[in-house]
Structures are given as C-alpha cells and as structure tokens.
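**Q** predicted model, plus sequence, below.
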Amino acid sequence: MATEVKSVLVEGTREDSVDKIVRHAGMLSNQLQNLRQRMYPPEASKSLRRFMTNEVSRLTSIPESSLRTMDLEGKGPSPSRLENNHRAYTLEQINELRHYFATQKPNEAKSFLPHRTGKEHLQVLAVANFKGGSAKTTTSVHLAHYLALQGYRVLAIDLDPQASMSAMFGAQPEFDVAENETVYAALRYDEYRRPIKDVIRKTYFDGLDLIPGNIEVMEFEHDTPRVLAARDRDQGAIFFERLNLAIREVEDDYDVVLLDTPPSLGYLTLGALYAATGLIITVHPAMLDVASMSQFLLMMGDLVGVIRDAGATMEKDFLHYLVTRHDINDQPQAQIVALLRHLFADDVIMPTAIQSTAIEAAGLGKRTIYELEAGEVSRATLKRARESMDDVNAAILALIQQSWGRT
Ligand SMILES: Nc1ncnc2c1ncn2[C@@H]1O[C@H](COP(=O)(O)OP(=O)(O)O)[C@@H](O)[C@H]1O
Ligand SMILES: [Mg+2]
C-alpha cells in the first residue's frame, strides 16, 4: 500500500499531497511577492550614486588637485556640490574626464581610457556552474559594476530564465521585460528573430549595457531539439554558434561581454561556453558543492567534446575557478580551498570572494557593494567586503589584460 502523506481537512474535504504542495507553493509565492514589493516596489527605478573627488581620483588616477583646478577653471564636466560643498561626480562625468585626459595626454591615453584597441580582442566571459547558489549572478554583477567603474565598455547578458541578474539591474522580469525583448529574440530560429542591437538596453551605469532575461529564454531549449531533429538547413547557424554570432554583431561597441548562465547545462549554456573567451567557474567551498562541480565538469567535458568533434575550436584564453562565499574562519572550508589549489594550482584565482553580510544585504536590495553608501552596514564590514570584491575583480581584470598582451 502506498504511504500517504498525513492529510489535513480543509473545509470538510481531504487534502492529498498534491493539493498540499500546490497550497504551500501558493502561500510561499504570496509571501515572497509581498516581501519583494516591500523591499523593492515595482515603480522603483534605479540610479547610481555620485562619487567624491577622492574616489574619482582613485578610479581615474587623476590627482585630486587637478580635479579641483579643472572645475575652478571651468574645464571638463562640472560636478554638483553637496551641502558640505564637496564636489560630487556622476559616472558619466568620470568617463568624460577619462576622455578629456586621454585627448590631452595622448602618450598616456590608455592609463586614462582603458578601452581595447588594435589587436586586443573582445573578451567574452562566461560565469558558470550548475550548482545554484554558487554566486554566479553575484560574481557577474560585481564584475560588471567593477569594470564599468574602471572605464570599460561592458555588455551583460542574462541567460538565466530566472533573470536574477536583470533584477539586480532594476529590470524586473515580470514588469519590465516584454515578449521578444530577451536574448532569445536574437537567437530564435524563426522569422521573429531580431538583431541583437534591438534588445540591448542602457543601464543606470554609464558604459554598462544589459540584455535582460526572463522565462522566455527557456524557449531556446525547446526550439533547438526540434530544429536539430528536422535538420532544417534554412534555419541558419547551428545552436551553439548562435550566441557567438549574435555577440559578433556588436563586437566593436564593447571591451567585455559578461554571460550569467543558468544553473543547468542546456543548449544556451553550451552556446555560452562556446562563445566565451574566458570561463569562470564559481565554487562555494563545501563538500556538496564541490561534488556537484565535479559532476558539472564531467558533463561539460562530454558536451564541449561533442562541439569540438563537430570541428569547432574550443580554445579559451583561460578557464579559472573562483572560490565564493568563503568563510575564512571555517576549518572545513579551508581544507576544501586547499584541496582545490592543490589540484588546480594557478587555475584557482588567488583572491576569494568572502562570505559577507554586506554582500548579502546589498543583494537583498538588488545592489552590489559598489552601490552601498557608508552607513548602510558597518564601515568595517563594508570595507572588508569591498576589498575582497575588488581583489577578485582585479584578478579577473588582470587575466583580461593578459589576454590583450598588456602587462
Ligand atoms: N560573498 C557573499 N557573501 C554573502 N552572500 C553572498 C555572497 N555571494 C553570494 N551571496 C548570496 O548567495 C545567494 C546566491 O547567490 P547567486 O549569486 O544568486 O548564486 P547563483 O547565481 O549561482 O545561483 C544570494 O542570496 C547572494 O546574495
Ligand atoms: Mg544566478
């Protein structure tokens, strides 16, 4: 006899386990919806804070004194003044300053305006792992913000139907992203396909653009096997080439493209692995997560092997592991980090993303620690989190620069 989940009586009828799951799902979903509304009302639109002279100087290597003099002489962008009379710049103005100095000092142009030039190729970075919660999205968004603040031109593409990255950018998948406005529009096989340019949107970060996701992205997983079965040659590029070809349409507009992948190894993730020039596999240093990553690597090896055998090249500039949500006081975690470094040596990025309440709190408000203002969490907590994220992102930027042949 089948075991029966203990039933309760609802208005005189017996509730079986299916009803119960449905009821629980409804309750939970309602509660979450309420919580979300309170934390982040749908009409909230995001904007980026302004930056003080000392921060601008650190980001651009323009001395504070030059910034002051320029403003007094009416050169370059004019910052707004705070109540305490301090100068405050928008990121747009910071980028204006970068252009200004690059033009004034052509010999040092690259130190002010770091855009890629000449033979330096577009970097497409995929952040992947099918373990949910390995901080793929957190890593992608922090890297996107970091690179934009450093003056790079960045395109972030949300490949996850759950669209948490889009939500972090203030594009709420339920409200702000309509039909045929996700990356799916640029990948689809039918006559509704759109040029990728049409689905790129500006964000409130100057220099950082977004292609949002929502549940529609799943369609690619449904279409692809049909097309493969039909072997319809009229439908253009094979599935794993489509994302790459779409990205190539806007190649000249960006230095770095960031791909936030879903926690699965579907056709779209394969397309991301194929398009990537660099791979970052995020891993939380816990036994279950590492076991899951091992599965991920085995499956990924099989699948990309198939792509390679189809004659495509799978050459990458790098494939690195990033330790995430790292509790540096946790002994078992320390052992796993040591194990990873022992096995994969330099392929494990040296800095780790520490577990931090500042990152968690920022995430709840759909922000990165680069957006938090002093006072929202304790100064020491914010400083530690910021340093950890800066170190991680600087290490990834170093890999990008290496692949450009800069030292
Ligand atoms: N370094 C960190 N410290 C604290 N919380 C983190 C950190 N990195 C990620 N998180 C939290 O862990 C959860 C999962 O992260 P997320 O980036 O969404 O993972 P994934 O995209 O791999 O599913 C989120 O709630 C996020 O805020
Ligand atoms: Mg995610």
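**A** Yep, that arrived. Residues are numbered from 1 along each chain as shown. Ligands and ions are numbered 1, 2, ... in the order given.
**Q** so where's this structure uncertain?
**A** Within the chain, the ranges that satisfy pLDDT under 70 run 1-13, 36, 39-45, 232-236.
**Q** residue numbers of it in contact with ligand 1?
**A** Residues of the chain lying close to ligand 1 (C-beta under 6 Å from any ligand atom) are 132-138, 164, 263, 324-325, 353-356, 359-360, 363. For every residue, glycine as well, the C-beta is placed using N, CA and C.
**Q** give me the subset of those residues lying in helices.
**A** Using DSSP state H, the subset of the residues of the chain next to ligand 1 located in helices is 136-138, 164, 359-360, 363.
**Q** can I get those in JSON lines including neighbour count?
**A** Shown next, in JSON lines, are these (neighbours: other C-beta atoms under 10 Å):
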{"residue": "136", "neighbour count": "28"}
{"residue": "137", "neighbour count": "25"}
{"residue": "138", "neighbour count": "26"}
{"residue": "164", "neighbour count": "19"}
{"residue": "359", "neighbour count": "27"}
{"residue": "360", "neighbour count": "13"}
{"residue": "363", "neighbour count": "18"}
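**Q** could you identify the most distant pair in the residues you listed?
**A** The span of these, defined through C-beta to C-beta, is set by 136 and 360 at 15.6 Å.
**Q** the closest residue to ligand 1 within the stretch 201-350 of the chain: how many residues sit nearby?
**A** Residue nearest to ligand 1 within the stretch 201-350 of the chain (C-beta to the nearest ligand atom): residue 325, separated by 4.6 Å. Per other C-beta atoms under 10 Å, the neighbour tally for residue 325 reads 22.
**Q** cool, and residue 178?
**A** The number of residues packed near residue 178 is 9, by other C-beta under 10 Å.
**Q** flag every residue of the chain that's near ligand 2.
**A** Neighbours of ligand 2 within the chain, by C-beta under 5 Å from the ion: 136-137, 164.
**Q** from those, which is closest to ligand 2?
**A** Taking C-beta to the ion as the measure, ligand 2 lies nearest residue 137 of the residues of the chain next to ligand 2, at 3.3 Å.
**Q** re earlier: make CSV out of the ones in helices among the residues of the chain next to ligand 1 and add distance to residue 144.
**A** What follows is these, written out as CSV (distance: C-beta to C-beta, whole Å):
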residue, distance to residue 144
136, 12
137, 10
138, 11
164, 13
359, 15
360, 19
363, 14
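**Q** list the contacts of the residue in the stretch 251-400 of the chain that ligand 1 sits nearest to.
**A** The minimum distance from the stretch 251-400 of the chain to ligand 1, using C-beta to the nearest ligand atom, falls at residue 363 (3.0 Å). Contact partners of residue 363, counting by C-beta atoms under 8 Å, 6 or more residues apart in numbering, are 138, 168.
**Q** tell me what residue 278 is bridged to.
**A** Beta bridges link residue 278 to residue 125, residue 318, judged by DSSP bridges.
**Q** I figured it hits residue 316, correct?
**A** Yes - Residue 278 lies in contact with residue 316 (C-beta atoms under 8 Å); the separation is 6.1 Å.
**Q** so those two - more neighbours on which side?
**A** Shown here are residue 278 and residue 316; by other C-beta under 10 Å, residue 278 has more neighbours (19 against 16).
**Q** show me the domain layout of this protein.
**A** As assigned by automatic domain parsing, the chain contains the domains 51-112, 123-403.
**Q** start and end of the last one, how far apart?
**A** Read it as domain 123-403. From its first residue to its last, domain 123-403 covers 8 Å (C-alpha to C-alpha, to the nearest Å).
**Q** helix/strand/coil for residue 257?
**A** The three-state label given to residue 257 by DSSP: H, G, I helix; E, B strand; the rest coil is strand.
**Q** equivalent analysis for residue 49, please.
**A** Quick answer, by three-state DSSP: residue 49 is coil.
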